[in-house]
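Engineer: Return atomic coordinates for the entry below.
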Amino acid sequence: MDEPLVFLPGMMCDARLFGPQLAALSPHYTLTVAPITKGDRIEEIASNLLDSLPRKFALAGLSMGGIVAMEIMRRAPDRLTRIALMDTNALAETPQSAANYEPMIIKARSGRLAEAVPEFMPAEVLAAGPYRNDVMELVADMAENLGAEVIIRQARALQRRRDQQATLRRCKVPALVLCGAEDGLTPVKRHSFMAELIPYADLRIIEGAGHLPTLEQPEATTAAILEWLKQPFVLQSPVAQG
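Structural biologist: Numbering: from 1, shown residues only. Down below sits the predicted model:
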């Protein structure tokens, strides 16, 4: 495959979010994990990334990374060879949901980032199981690695994000819409809705996973990504029934 694959991590996350996928895919694919840390708005983050990413690439974003991925597709659809949207949301924040970020932002700004992290991402948004605590510990470590200033900027960008339904309707490349079956933050029904908007989208629900299936069920998630990467570039319309 000539096309490089760019991963965009979620809020508070770094490249370790895709650790299992990087290990599995790196022998065969050119991989990049691009930071979504530079900019106060989703549009600014996307614009900065486009300045440094390859001319043509496959794009896979999880959570906030998926939101940035949709903005990249809106701005530069001709540069994408395919897109994967994982545990994310195409809708803008409502005034109430945007306001819900404020207490966490205040805690992060006042030096209490460790308290803010589980409020931004409660353990309950992950699937119940023996590895939930391990995943949450990794999230806390990734958040500390990024720092409060970056996380506050990410929260502000999410508060002001645009609705991307029209962007999804115009998608003309192979698209994977993937969600953990037990995602308590961006539930399955939201992904079914996104998949209905995108022509020819492949909807995959990962059993035994919540909001971070790349870590919770890495083998199943990697398998879905591999199938998406192997889809032909040219999307075939259904044969008309006579």
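Engineer: Please count neighbours and contacts with C-alpha atoms only from this point.
Structural biologist: OK.
Engineer: residues of the lengthiest helix in the chain that come out buried?
Structural biologist: If you go by DSSP state H, the chain has its longest helix at helix 132-146. Neighbour-count burial for helix 132-146 flags Arg132, Val135, Met136, Leu138, Val139, Ala140, Asp141, Met142, Ala143, Glu144, Leu146 (criterion: 16 or more other C-alpha atoms under 10 Å).
Engineer: what does stretch 34-46 give?
Structural biologist: Buried residues in stretch 34-46 (16+ other C-alpha under 10 Å): 34-46.
Engineer: roughly how far out does stretch 202-217 sit from the chain middle?
Structural biologist: Chain-centre distance of stretch 202-217: 12 Å, with C-alpha atoms, centre = their mean, to the nearest Å.
Engineer: let me fix that: stretch 123-140
Structural biologist: 17 Å.
Engineer: which residues touch it?
Structural biologist: 12-13, 114, 117-118, 182-185, 208-212, 215-216 (C-alpha atoms under 8 Å, 6 or more residues apart in numbering).
Engineer: of all those, which two lie farthest apart?
Structural biologist: Using C-alpha to C-alpha, the two most remote members of these are Ala114 and Gly208, lying 26.8 Å apart.
Engineer: Who are the packing partners of the helix or strand bottoming out on mean pLDDT in the chain?
Structural biologist: The weakest-scoring helix or strand in the chain, judged by mean pLDDT, DSSP states H and E, is helix 95-99 (a mean of 93). Under the contact criterion of 3 or more C-alpha pairs under 8 Å, 6 or more residues apart in numbering; DSSP states H and E, helix 95-99 touches helix 148-159.
Engineer: Got the phi and psi for the residue nearest in space to the middle of the chain?
Structural biologist: In the chain, the centroid-proximal residue (C-alpha atoms, centre = their mean) is Leu62; its distance is 1.5 Å. Dihedral angles of Leu62 (phi, psi; degrees, to the nearest 10) stand at phi -120, psi 130.
Engineer: hang on, the earlier thing: just send the buried residues of helix 132-146 back as TSV, with pLDDT too.
Structural biologist: Listed next are the buried residues of helix 132-146 as TSV, based on pLDDT from 0 to 100:
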residue	pLDDT
Arg132	96
Val135	97
Met136	97
Leu138	98
Val139	98
Ala140	97
Asp141	98
Met142	98
Ala143	97
Glu144	97
Leu146	97
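Engineer: What distance do you get for Ala166 to His211?
Structural biologist: For Ala166, the distance to His211 (C-alpha to C-alpha, to the nearest Å) stands at 24 Å.
Engineer: neighbour count winner among those two?
Structural biologist: His211 (27 against 12; other C-alpha atoms under 10 Å).
Engineer: hang on, the more buried one in a strand?
Structural biologist: No: assigned with DSSP: H, G, I helix; E, B strand; the rest coil, His211 falls outside any strand and is coil.
Engineer: which residues touch the closest residue to it other than its chain neighbours?
Structural biologist: Residue nearest to His211 in three dimensions, not counting chain neighbours: Asp183, with 4.5 Å by C-alpha to C-alpha, 6 or more residues apart in numbering. With contacts defined as C-alpha under 8 Å, 6+ apart, the neighbours of Asp183 are Asp87, Val125, Leu126, Ala127, Ala209, Gly210, His211, Leu212.
Engineer: Asp183: what secondary structure?
Structural biologist: Applying three-state DSSP: Asp183 is coil.
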